[in-house]
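Student: 3D model of this:
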Amino acid sequence: MKAMIVKEFGGTDAFEKAEVLKPEIKPGHVLVKIAASSVNTVDTMIRQMGAELPLSPAAPAILGMDFAGTVEALGEGVNRFNIGDEVYGCAGGLADLPGTLAEYIVADTNLISLKPTNLSMRESAALPLVGITAYEGLVRAGVKAEQSVLVHGGTGGVGHVAVQLAKHFGADVYSSCGSDEQFTLIESLGATPINYRNESVESYVQKHTNGNGFDVIFDSVGGANMTNSFEAAALNGQIATTVSMLEIDLTTAHFKGLSLHVVFMLIPMLHNYKRQEHAKILHTLATICEQGKLKPLLDETAFTLEDIGKAHERLSSGKAIGKVVVSV
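Tutor: Okay, here's the model as predicted:
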């Protein structure tokens, strides 16, 4: 089969077109002909860092985690899927799991689900990693109807899904942004935009919560922005974050009694730990999509498999709005 492989980790020119062996089916797995994949920040990190990142596969490697495609063969013991089913998931591209930048993948059925019937293959491929991340973070933070929820980075891959899911759960949703284009997008998603360049944390907390703070904060920006999340949170508030690899003063979190939920959705893939939870979440996300409550946003620039280097450049540039998707 055709694949884009990385022999030496590094820049966006590290990808090489290659003919590799089509993967063999195994028990509990399905063979999927891939129609599309999407690029996530972790994909660019693996491509750049290689062995410096503990979750990276050994070279030569096929990267790519998300996909949507059609089932072509069933492994022993598989009874939830049929040949011809259209599926989606996040099932490869790290550790010992071959990735999705290829024509086929053999995927663990605990990491996939039937794709949303009302989404295209490209749209479905954009959803798994960011969708599972957003869902897990909001659920762990205990989001409920009528709560105030602030999403930092609401136009990013994870953030724009978190905004829609929080709305689906019945929350009063706000989201930070830094440009007029992002402001308009957040409004279109049904949330109240907050331009962090024009408003201080103290100002928007007073304006939108009467100074009480937000019940739940989903911080997909993380890093130094975590201090803003602590300041914006209500007493005994809940904070879910996807980017917490830093040293930080927890004094504010202590005196406010905050709960911090770190979301690292790759754990089931890396450690074969509760993988079936991903299949359940993907099924739930598909249902929410089919109800018209969730739709992934695709960046305007389309890429083919051979363009994967350019796709990585697009995501890393910070200019992409929504998910960068590659057609296989």
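Student: so which elements touch the longest strand seen in the chain?
Tutor: When the chain is parsed with DSSP state E, its longest strand is strand 29-39. Counting contacts by 3 or more C-beta pairs under 8 Å, 6 or more residues apart in numbering; DSSP states H and E, strand 29-39 is packed against strand 66-74, strand 104-108, helix 121-125, helix 308-316, strand 324-327. All C-beta atoms are positioned from the backbone trio N, CA, C, and that covers glycine.
Student: now do 6 Å
Tutor: Applying 3 or more C-beta pairs under 6 Å, 6 or more residues apart in numbering; DSSP states H and E, we find strand 29-39 packed against strand 66-74, strand 104-108, helix 121-125, strand 324-327.
Student: ranges for the helices of the stretch 151-300 of the chain?
Tutor: According to DSSP state H, counting those that start in this stretch, the stretch 151-300 of the chain carries its helices in the segments 157-168, 180-188, 201-209, 226-232, 251-256, 267-271, 276-290.
Student: any chance of a markdown table for the ones you listed, columns distance to I34 and mean neighbour count?
Tutor: Below are the helices of the stretch 151-300 of the chain laid out as a markdown table (distance: least, C-beta to C-beta, whole Å; neighbours: other C-beta atoms under 10 Å):
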| stretch | distance to I34 | mean neighbour count |
| --- | --- | --- |
| helix 157-168 | 19 | 27 |
| helix 180-188 | 29 | 16 |
| helix 201-209 | 43 | 16 |
| helix 226-232 | 36 | 21 |
| helix 251-256 | 42 | 14 |
| helix 267-271 | 17 | 17 |
| helix 276-290 | 16 | 18 |
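Student: closest to T100 out of the ones you listed?
Tutor: T100 sits nearest to helix 267-271 of all the helices of the stretch 151-300 of the chain, at 12.4 Å, using C-beta to C-beta.
Student: and that closest one, how far from the chain's centre?
Tutor: From the chain centre to the centre of helix 267-271 is a distance of 15 Å (C-alpha atoms, centre = their mean, to the nearest Å).
Student: for it, C-alpha coordinates in PDB please.
Tutor: C-alpha atoms of helix 267-271 as PDB (Å, rounded to 0.1, in the frame of the first residue of the first chain):
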ATOM      1  CA  ILE A 267      -3.400   6.900  27.700                       C
ATOM      2  CA  PRO A 268      -5.700   4.100  26.500                       C
ATOM      3  CA  MET A 269      -3.700   3.800  23.300                       C
ATOM      4  CA  LEU A 270      -0.300   4.000  25.000                       C
ATOM      5  CA  HIS A 271      -1.100   1.600  27.800                       C
END
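Student: could I get the average pLDDT for it?
Tutor: Averaged across helix 267-271, pLDDT comes to 97.
Student: before we move on, what about stretch 136-151?
Tutor: On average, stretch 136-151 scores 98.
Student: any idea how far A302 is from the most centrally placed residue in the chain?
Tutor: The residue lying closest to the centre of the chain (C-alpha atoms, centre = their mean) is V130, at 1.5 Å. To A302, V130 is 18 Å away according to C-beta to C-beta, to the nearest Å.
Student: in what element of secondary structure is G99 found?
Tutor: Following DSSP states H and E, there is no helix or strand that holds G99.
Student: so what's the residue lying closest to it once chain neighbours are set aside up against?
Tutor: In space, and not counting its chain neighbours, G99 is closest to G93: 3.2 Å by C-beta to C-beta, 6 or more residues apart in numbering. Contacts for G93 (C-beta atoms under 6 Å, 6 or more residues apart in numbering) come out as 63-65, 99.
Student: tabulate these (a markdown table), appending distance to A191.
Tutor: Output for these, formatted as a markdown table (distance: C-beta to C-beta, whole Å):
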| residue | distance to A191 |
| --- | --- |
| L63 | 33 |
| G64 | 30 |
| M65 | 27 |
| G99 | 33 |
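Student: top of those residues by neighbour count?
Tutor: G64 (32 neighbours; other C-beta atoms under 10 Å).
Student: returning to that earlier point: out of the helices of the stretch 151-300 of the chain, which is closest to E313?
Tutor: In terms of C-beta to C-beta, the element of the helices of the stretch 151-300 of the chain nearest to E313 is helix 157-168, at 15.9 Å.
Student: export that closest one as CSV, just CAs?
Tutor: Output in CSV follows, covering the C-alpha atoms of helix 157-168 (Å, rounded to 0.1, in the frame of the first residue of the first chain):
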residue,chain,number,x,y,z
GLY,A,157,-9.2,21.9,17.3
VAL,A,158,-10.2,20.9,20.8
GLY,A,159,-11.7,24.2,21.8
HIS,A,160,-14.3,24.5,19.1
VAL,A,161,-15.6,21.0,20.0
ALA,A,162,-15.6,21.8,23.7
VAL,A,163,-17.7,24.9,23.0
GLN,A,164,-20.3,22.9,21.1
LEU,A,165,-20.4,20.0,23.7
ALA,A,166,-20.8,22.5,26.6
LYS,A,167,-23.7,24.0,24.8
HIS,A,168,-25.1,20.5,24.2
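Student: quick one: list the elements packing against it.
Tutor: Applying 3+ C-beta pairs under 6 Å, 6+ apart, one finds that helix 157-168 makes contact with helix 128-140, strand 148-152, strand 172-177.
Student: how about CSV for the ones you listed, with distance to K280 added?
Tutor: Conversion of these to CSV gives the following (distance: least, C-beta to C-beta, whole Å):
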stretch, distance to K280
helix 128-140, 10
strand 148-152, 23
strand 172-177, 24
